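# sequence first, predicted model second:
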Number of protein chains: 2
Amino acid sequence: MIINILKKNCALKLLTIIIIVFSSCQKENKPKTKIERTQEYLKKDFTQYVNPFIGTSNFGTTNPGPIAVRGMASVSPFNVSGNQNLPLEKDNRWLSTPYIHENTFLTGFSHVNLSGVGCPELGVITAMPTTGDIQTDYLTYGSTYSNEISEVGYYSNILDKYNIIVETTATTRVGVSMYSFPKGTANILLNLGLGLTNEQGGRIKVVSPTEIEGTRSVGSFCYYKPEEAYPVYFVAKFSVPADEFGVWEKPNTYQGVEAEWMKEYNGKTRIKKGFTKEVTGDSIGGYMRYHFDTPTKVEMKIGISYVSIKNARENLEKETLKKGFKQIRKETRTEWNQYLSKIEVEGGKKEDKIKFYTALYHTGIHPNTLNDINGEYPKMRTRETLNTEGTRYTVFSLWDTYRNLHQLMSLVYPKQQSDMVKSMLQIYDETGWLPKWELNATETTTMVGDPAGIIIADTYLKGIKDFDIEKAYEAMLKSADQLIDNPLRPGIKDYIEKGYLTTKTIHSGSVSTTQEYNITDFAISKLAQELGKEKDYQRFLDRSVSYRKLFDEEFNLLRPKNNDGSWLSPYNPETGANFVKNLGFIEGNAWQYTFMVSHDVEGLKDLMGGEKLFEQQLQKVFDNKQYDMANEPDIAYPFLFNYVKGKEWKTQKTVNDLLETYYKNTPDGLPGNDDTGTMSAWAIFSMMGIYPITPAKPIYTFCAPKFEKITIHLNKEYYKNETLVITSNTTNKEKFIESIKINNENLDSFFISHEQLINSKKLSFYLK
Amino acid sequence: MIINILKKNCALKLLTIIIIVFSSCQKENKPKTKIERTQEYLKKDFTQYVNPFIGTSNFGTTNPGPIAVRGMASVSPFNVSGNQNLPLEKDNRWLSTPYIHENTFLTGFSHVNLSGVGCPELGVITAMPTTGDIQTDYLTYGSTYSNEISEVGYYSNILDKYNIIVETTATTRVGVSMYSFPKGTANILLNLGLGLTNEQGGRIKVVSPTEIEGTRSVGSFCYYKPEEAYPVYFVAKFSVPADEFGVWEKPNTYQGVEAEWMKEYNGKTRIKKGFTKEVTGDSIGGYMRYHFDTPTKVEMKIGISYVSIKNARENLEKETLKKGFKQIRKETRTEWNQYLSKIEVEGGKKEDKIKFYTALYHTGIHPNTLNDINGEYPKMRTRETLNTEGTRYTVFSLWDTYRNLHQLMSLVYPKQQSDMVKSMLQIYDETGWLPKWELNATETTTMVGDPAGIIIADTYLKGIKDFDIEKAYEAMLKSADQLIDNPLRPGIKDYIEKGYLTTKTIHSGSVSTTQEYNITDFAISKLAQELGKEKDYQRFLDRSVSYRKLFDEEFNLLRPKNNDGSWLSPYNPETGANFVKNLGFIEGNAWQYTFMVSHDVEGLKDLMGGEKLFEQQLQKVFDNKQYDMANEPDIAYPFLFNYVKGKEWKTQKTVNDLLETYYKNTPDGLPGNDDTGTMSAWAIFSMMGIYPITPAKPIYTFCAPKFEKITIHLNKEYYKNETLVITSNTTNKEKFIESIKINNENLDSFFISHEQLINSKKLSFYLK
């Protein structure tokens, strides 16, 4: 996968490897100090196991472009525009990624991108190196490409049409490109007209022969909230002063009398050579132009900000001013290596290592940084400039991530998780409401439920408490109790009065939305218990199982109810699979949702007529191909067999099968949208043998690990132990868990509390 | 015309008049000092004779909005949009003014405007006060209006729909408005979507509850040079902090699959309340919103710049920060009074005084200031920021103004004329070419000919020499001699080789363009003579009469020739009147152009077969209604009778008739487009009894003055005398010139040199 076409690079790499091997051999002869031992893992290169092409096909919607850990900027190859890319062309279908592995026609490199999402957004500030005449239409200047390389923090290809070698890397807020031009006329185009987003408009200005600045409008994610569209600011700096420069604009085509007077210029692109003032418009761009006597490299850095051009420039300067491409690439890789090294896996298959570290890499992309290097970030909606102390994170796809991603953060990256919670509370301060699906300081209100509180409770209950829990609790109660004008819980009045939403309450998803509210109410009850708010504890615990009223014994499944309390009829519980819109369930059907009550498995068992019928019904999901690995509602199902004594092997087998079937070291190696790391987090937990089965309940349940030894380096600011080690005697998938030991004592359960786990040093699996 | 509806104002005015009268009575009892005597004229209020409504109908294309002397900003009522204004609606016909007197539907006040031009341009940054809900569509929020007042530096009306009193004034770079709102909800809209210009696009941002900033694209004057479209920057400050604010944008309407996903928001205006980041786009705006318990006044100042928002803010602050509406209005009026007082007229009809001072007012609008208060201005085309020492003037409609406006400037405002020439030389420095029709640092290349050199020669030959004449001469020779890629003189190769352009050389105007080149060549020859460049003098003098080859004895008129030297046939010399496009003449026909050779009247007489036939042919122009007072080519014709001994009375009579017929104290009181003051300058000279008959030849010819005493206050930096006084024993139009005295000595000619005139103190007409 990681192809290297640059001979020079190849030699350098080999030399580096020799040096590393040689120096590590040298060191092994000396006794190690404690610091050497504890920090040793940092010297290992975990980035070698990351294959950024995983998820770039099969609607994984990841991209192979370089990004720093939780970076604001990234540099993705952009190959989703133009009929050359049909059928996967952005204007001809719903398409939510700037890059698709099987496409072939590249029209630039976009500098702000989302990873693993299901709606088109960002994918703007596209740069394209070309040769020859200035062409401003991407259909004309686009090119096929070859010799792709993607590594952590690095992407390269060759543009066939121009014989230009493109190399890209990134810091947190700066995308960095190195273009190796052949001799002759060379151009670097910045096309603000092209983008994945549905928004339009921007401005661009050549500041000097080495600098271009501008803005681009983005927003209306999932075609929602167009009124919250907002600008992204950029400053581009070029290492070689342009011999010529300019901007272009393509105006609208006029109709009527004015069209006659405009004649041939009506709607025609205008290239403004040497122009130094801004142009504004929907279809605009700028270019730098060179005349090279010999093959020449030009480095381009594009600093990003959501606050101002000034901040974009400051971000660029502070992060990259004195650094060249190679150093930036190296530092970003080092930063990723630090992130990845928090979990060290040994033994097992190399393919599994690649699947594991690529998944872990995917969890380090979103949520990502919103604030500039000076701490400034835009306030929600109005976008006034505010200041943050810690990182203000953004891209909170919480309907996805409340299920496992934040649990992974709490375990492995508690400081980041703490800042994520603080960011949610900043959003509450700014808007009066916790986030639902926040994106760059806009609330997209995509998906359903009230998920932020689940995450907050889960985090707090895992002992991460360095945030204002009283404020958080107040915020959680607000969305749980406010009956009118409640943007987080539409239909709350019916939910409180009847215990559920009806087919009349909302257009779609009355059952699943009830379940989501139940889960949040369960989280509130757990947090209330912890905070000693006994009344709330009981009140919300009662509310958390109201889904039971929607259980229909006829199908042994959940079923929508009408406003008068009658069942929705006729009823086919399979309706809703494959994202078909239906009255009862959002992005799913009754099979995919009924078991999404892991906080009340015993209750569900009772409803179904006992454990045996529960297990049979759960097995049917898999046997009848109702299980959808590509979406979140049933994501925890495989672990529910652990609730049936003697059937725990089914969890192990099912998880194993799913890991093999849906997770692969290939571009189509994700089940579907990565959902900002949720699908990846599922694989990470599953491969470690532990899964946070019930959001807001600090427990894990077990499956068979995919590695012989897993060392989680714990953050000492939050946890007393330095490491948690998980071992397994085998990774043979034909073997099943025989016994589990915690700190060498037998554990007589397929569940363990978070507290016990992180306060033990070792979890050992024995498979037979 | 100058209606006053504000009672309070009325009382104030009366009081002021009483004080002035009283104090002047007081003073008359004392003997006057010399300084008192010489400066006395400044105390007189000449602005009272200006009626800014003159020219706002009949395609005069002036507007009644306030502007400072040569101001960059102005505040014009904008009433040319919307079908309510049909047939004079800007999108339904060629329309080049933001205001038309007979229209009734007002959609705002535009803050950059051109006066007296023939193509739509500027008319942007439109502000509109409203009440009630925020409406963003001008068709909805527009209103009829009543109680219009227009004075120098002041315009007011009442918006019928809202009962809002609008008052406006301006400094050089700032438009100032005072809105008197009734109690209740009030809004101030800034609509960047609306404009007279054909360009589109801009950005807007609410900086604080008292400030909005933004840009608006303008350009492609006369539908030319769209590639030179450029931004105008503004900062708006509000005296009362808004209770609410916001921006809006109306996106394009999508077609195809995306339209389905966008559903009802597709193409719909989005109001973004409280939004503090910029929006960019074609149809955008911003608003300030208030809730007033009592009727409240809000003052809005809009600073303008063609360099940057920063400069727009600096312009605003330096020109108006510590000044209220009343003081600004007073200072602008004082500034205009100083401008107008340079020519003091006494005796004669009051209507003539109004015609005269309004005309003089019109000459003080363009050329206008381009540079910011800090001296910065945009370089031609590329718009890099440059710095000027003197004023960098702009709006050089030179095909019009070379005929008389700059001659008026040289006589009465030589410092301004000198700076105008320097501005032309700056343009030469920046582009390699003198201007043709320069507008805000773009060369529109509208109209024909090579007029800048005529003005430069005329200025220099009148003794205004404080500019780099060698550079100017070099620039003049360049356009006169460069045979290829010559933007000023297309067709120059044929012109040099054949002496004229042919019907093949250019699409239209082969004869008239030949004449224009002849006039410039005459100017070069005169300047060469002055500079002692004898060879050039003779060479260009020879070239200056090459039009003679196009004289056809068959018609006793000029006639286009084909490439082979044959006459264009068939030929109707009347074709081309009323702006009908034709092969021979630009905006005219053979009658209107044949006599446009005032530098070679004797030559033309010879061609026509002598003085008598010349006079008969000239008379036919008037008798056969071929004379067009509304355009420039035949503008000097009435004065040509002075070249025929004994027929000078015809000049006096014709000029008198034209002044009465075409110049009136009514909105339709200009013959047509004012042509940035050229039509007004014609009236000024004509009413003073002197006319600069031959551009670049420093002479004046005479007609009967319309006043008994005219005192021109000369600039002592350029002229040795303090005043030039022109007197006439009568202004009775039935009387004709009997004799003319210069310094009490009889003048035996109907012509006088500039030198003799300005070095004499008195020119006296005796009519009988």
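In hand now; what should we look at?

# number of residues surrounding the closest residue in space to A:D137 that isn't next to it in sequence?
Spatial nearest neighbour of A:D137, excluding adjacent residues (Cβ to Cβ, 6 or more residues apart in numbering or on different chains): A:T269 at 7.4 Å. Using the backbone N, CA and C atoms, a C-beta is placed for each residue, glycine as well. Other residues lying near A:T269 total 17 when counted by other Cβ atoms under 10 Å in any protein chain shown.

# am I right that A:T269 is in contact with A:V247?
No - with contact defined as Cβ atoms under 8 Å, A:T269 does not reach A:V247; the gap is 10.9 Å.

# how close does A:L405 sit to A:M679?
From A:L405 over to A:M679 the distance is 9 Å, taken as Cβ to Cβ, to the nearest Å.

# ditto for A:L439
On the measure of Cβ to Cβ, A:L439 and A:M679 end up 19 Å apart.

# who's more crowded, those two?
A:M679 (30 against 27).

# quick one: list the elements packing against the strand or helix carrying the more buried one.
Per DSSP states H and E: A:M679 is located in helix A:678-688. With contacts taken as 3 or more Cβ pairs under 8 Å, 6 or more residues apart in numbering or on different chains; DSSP states H and E, helix A:678-688 sits against strand A:343-346, helix A:350-363, helix A:398-401, helix A:405-412, helix A:648-662.

# nearest to chain B, out of these?
Among the helices and strands packed on helix A:678-688, helix A:398-401 comes nearest to chain B, with 19.4 Å by Cβ to the nearest Cβ.

# is it true that A:F46 touches A:T358?
No - in this structure A:F46 lies outside contact range of A:T358 using Cβ under 8 Å: 10.6 Å.

# domain ranges for chain A?
A:41-336, A:377-487, A:490-589, A:595-768 (automatic domain parsing).

# poorly predicted segments of chain A, please.
Applying pLDDT under 70 to chain A flags residues A:1-42.

# quick one: contacts for the spatially most central residue of it?
Centroid-nearest residue in chain A: A:T676, 1.9 Å away (criterion: Cα atoms, centre = their mean). Residues in contact with A:T676 (Cβ atoms under 8 Å, 6 or more residues apart in numbering or on different chains) are A:L114, A:S115, A:G116, A:V117, A:I365, A:H366, A:P367, A:V395, A:S397, A:D400, A:T401, A:L405.

# now with 10 Å, please.
Shown in contact with A:T676 (Cβ atoms under 10 Å, 6 or more residues apart in numbering or on different chains): A:61-62, A:114-118, A:362-363, A:365-368, A:395-398, A:400-401, A:405, A:437.

# give me the subset of the residues you listed that also touch chain B.
With Cβ under 10 Å from any Cβ of the partner chain as the criterion, these include none near chain B.

# give me the buried entries from these.
A:61-62, A:114-118, A:362-363, A:365-368, A:395-398, A:400-401, A:405, A:437 (16 or more other Cβ atoms under 10 Å in any protein chain shown).

# so what sits against both of A:F46 and A:T358?
Common neighbours of A:F46 and A:T358 (Cβ under 10 Å, 6+ apart) are A:V152, A:L340.

# near chain B, which residues of the stretch 301-450 of chain A are found?
So the stretch 301-450 of chain A meets chain B at A:Y306, A:V307, A:S308, A:P378, A:K379, A:R381, A:T382, A:R383, A:E384, A:T385, A:A441 (Cβ under 10 Å from any Cβ).

# rerun that using 6 Å as the cut-off
A:T382, A:R383, A:E384 (Cβ under 6 Å from any Cβ of the partner chain).

# I'd like to know how many residues surround the last one.
A:E384: 16 surrounding residues under other Cβ under 10 Å.

# what do you get for the second one?
Burial of A:R383, expressed as a neighbour count using other Cβ under 10 Å, amounts to 24.

# let me see the contact set for the residue nearest to it when sequence neighbours are not counted.
The shortest distance from A:R383 to any non-neighbouring residue, by Cβ to Cβ, 6+ apart, is to B:K277 (4.2 Å). B:K277 makes contacts with A:Y230, A:P231, A:R383, as judged by Cβ atoms under 6 Å, 6 or more residues apart in numbering or on different chains.

# adding distance to B:K535 and secondary structure, write those residues out as JSON lines.
Output for the contacts of B:K277, formatted as JSON lines (distance: Cβ to Cβ, whole Å; DSSP: H, G, I helix; E, B strand; the rest coil):
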{"residue": "A:Y230", "distance to B:K535": "67", "secondary structure": "strand"}
{"residue": "A:P231", "distance to B:K535": "62", "secondary structure": "strand"}
{"residue": "A:R383", "distance to B:K535": "68", "secondary structure": "coil"}
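
# which one of these is nearest to chain B?
The nearest one, if we look at the contacts of B:K277 relative to chain B and count by Cβ to the nearest Cβ, is A:R383, at 4.2 Å.

# check whether A:A577 really touches A:E587, as I assumed.
No - A:A577 is beyond contact range of A:E587, at 9.6 Å (criterion: Cβ atoms under 6 Å).

# helices of the stretch 501-650 of chain A, start to end?
For the stretch 501-650 of chain A, applying DSSP state H, counting those that start in this stretch gives helices covering A:510-530, A:534-543, A:590-594, A:601-608, A:611-623, A:648-662.

# so what's the residue count around A:F292?
A:F292: 17 neighbours (other Cβ under 10 Å).

# I meant to write A:L386 there.
18.

# next: A:K741.
Count around A:K741 with other Cβ under 10 Å applied: 15.

# which SSE is it in?
Short version, using DSSP H and E: A:K741 is in strand A:737-742.

# any idea which helix or strand comes after that strand?
Taking DSSP H and E, what comes next after strand A:737-742 is strand A:745-747.

# now that following strand: buried residues?
A:L747.

# mind giving me the packing neighbours of it?
If you count contacts as 3 or more Cβ pairs under 6 Å, 6 or more residues apart in numbering or on different chains; DSSP states H and E, strand A:745-747 packs onto no helix or strand.

# how about residues contacting it?
Under Cβ under 6 Å, 6+ apart, the answer for strand A:745-747 is A:I740.

# 8 Å - rerun?
Counting by Cβ under 8 Å, 6+ apart, A:S739, A:I740, A:K741 sit against strand A:745-747.

# if we take those residues, which one ends up nearest to chain B?
Among those, and counting by Cβ to the nearest Cβ, the member closest to chain B is A:I740, at 48.9 Å.

# tell me, how many residues neighbour that closest one?
20.

# which residue sits closest to it, ignoring its sequence neighbours?
A:L747 (4.5 Å).

# before we move on, what about A:T661?
A:M629 (7.6 Å).

# and for A:Y637?
Per Cβ to Cβ, 6+ apart, closest to A:Y637 is A:F595, 5.4 Å.

# so the one you found touches A:I635, yeah?
No - the criterion here is Cβ under 8 Å, and A:F595 misses it with A:I635 at 10.5 Å.

# the two: which is more packed in?
Taking other Cβ under 10 Å, A:F595 and A:I635 do not tie; A:I635 has more neighbours (25 against 22).

# the more buried one and A:Y402 touch, don't they?
No - here A:I635 lies out of contact with A:Y402, judged by Cβ under 8 Å, at a distance of 11.0 Å.

# is A:K205 in a helix, a strand, or coil?
Counting by DSSP: H, G, I helix; E, B strand; the rest coil, the backbone at A:K205 sits in strand.

# distance of it relative to B:P226?
18 Å.

# cool, and A:A312?
30 Å.

# which of these two has more neighbours?
A:A312 (28 against 19).

# which non-adjacent residue is nearest that one?
A:S305 is the one closest to A:A312 (Cβ to Cβ, 6+ apart), at 3.9 Å.

# quick one, what contacts that neighbour?
Contacts of A:S305 (Cβ under 8 Å, 6+ apart): A:M72, A:R173, A:V232, A:Y233, A:F234, A:N311, A:A312, A:E314, A:N315, A:D372.
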